[in-house]
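Chemist: Whatever this is, show me its structure:
(2 chains)
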Amino acid sequence: AQSVTQPDIHITVSEGASLELRCNYSYGATPYLFWYVQSPGQGLQLLLKYFSGDTLVQGIKGFEAEFKRSQSSFNLRKPSVHWSDAAEYFCAVQGAAGNKLTFGGGTRVLVKP
Amino acid sequence: GAVVSQHPSRVICKSGTSVKIECRSLDFQATTMFWYRQFPKQSLMLMATSNEGSKATYEQGVEKDKFLINHASLTLSTLTVTSAHPEDSSFYICSARAQVNTEAFFGQGTRLTVV
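Modeler: Alright, predicted model coming up:
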């Protein structure tokens, strides 16, 4: 069965500082991987996705993520955070069985002025 | 990206009544739609997967008689919470996918409050 772990429940970062959110997955084959962002009371917005090819993926809002098969990781990064980046971030894996998305527990990002 | 519209965004209903939530794919045909439930400050839990024209497949522990899912067309799926109780209060989110092995797009979510 596929699973996703986001080890950090909360992260606080100063505005302008860099941000890295960790994501580890468990899946028997090469997965499809996603990062989503959710503002309070809102749906999910896709930041980026990895299906195949270049393991460094560029997304919207200045985010990028790197797929590392050897570490079963897909960490999300942003060089300089803005106050508007404060939100909940979810990593997800999509496997072959029904193509269902399995979400990690989420990481809440707080941005200090 | 493709647009998925979910309606209503908020609904309050009385205990014992039923409430219907709609999920529409506006600019693509969705062969598969997914329904999730999200409790406060928690992750999304998949409730069921529905393929157009077929019965929904429910995840373990989800009461199919309580959460009725219909996917009668390629652009519309509905979730009906029957005989709602306060413990059904939650944030419900749908997603829709055009084809297998492609990404799914999410609706804006519906906040259900049962009083």
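
Chemist: so residue B:35 makes contact with residue B:69?
Modeler: Yes: with contacts counted by Cβ atoms under 8 Å, residue B:35 reaches residue B:69, the gap being 6.2 Å. The C-beta positions use only the backbone N, C-alpha and C, and glycine is treated the same way.

Chemist: Using the three-state scheme, assign residue A:70.
Modeler: helix (DSSP: H, G, I helix; E, B strand; the rest coil).

Chemist: How many residues are close by residue A:3?
Modeler: Neighbours of residue A:3 under the rule other Cβ atoms under 10 Å in any protein chain shown: 13.

Chemist: ok, it touching residue A:102?
Modeler: Yes: shown here, residue A:3 and residue A:102 form a contact pair, counting by Cβ under 8 Å, at 6.3 Å.

Chemist: Poorly predicted segments of chain A, please.
Modeler: A:96-98 (pLDDT under 70).

Chemist: Run through the residues of it sitting next to chain B.
Modeler: A:32, A:34, A:36, A:41-46, A:49, A:90, A:94, A:98-106, A:108 (Cβ under 8 Å from any Cβ of the partner chain).

Chemist: Excluding chain neighbours, give the residue nearest to residue B:86 in space.
Modeler: Nearest non-adjacent residue to residue B:86, counting by Cβ to Cβ, 6 or more residues apart in numbering or on different chains: residue B:114, 4.9 Å away.

Chemist: Which residue ranges of chain A form helices?
Modeler: With helices called from DSSP state H, chain A shows none.

Chemist: joint contacts of residue A:3 and residue A:102?
Modeler: Common contacts of residue A:3 and residue A:102 (Cβ atoms under 8 Å, 6 or more residues apart in numbering or on different chains): residue A:93.

Chemist: on that earlier part again, out of residue B:35 and residue B:69, which sits in the busier spot?
Modeler: residue B:35 (27 against 24).

Chemist: what's the closest non-adjacent residue to the most centrally placed residue in chain B?
Modeler: Centroid-nearest residue in chain B: residue B:35, 3.7 Å away (criterion: Cα atoms, centre = their mean). Nearest non-adjacent residue to residue B:35, counting by Cβ to Cβ, 6+ apart: residue B:47, 4.6 Å away.

Chemist: Go ahead and build a ChimeraX selection from the buried members of the residues of chain A next to chain B.
Modeler: This is the ChimeraX syntax for the buried subset of the residues of chain A next to chain B, where burial follows 16 or more other Cβ atoms under 10 Å in any protein chain shown:
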select /A:32,34,36,42,43,44,45,46,49,90,94,99,100,101,102,103,104,105,106
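
Chemist: hang on, the earlier thing: so the residue nearest to the centre of chain B lies in a strand, does it not?
Modeler: Yes: assessed by three-state DSSP, residue B:35 belongs to a strand.

Chemist: so how far is the strand or helix carrying residue B:91 from its chain's centroid?
Modeler: Assessed by DSSP states H and E, residue B:91 sits inside strand B:90-97. Offset of strand B:90-97 from its chain centre (Cα atoms, centre = their mean, to the nearest Å): 5 Å.
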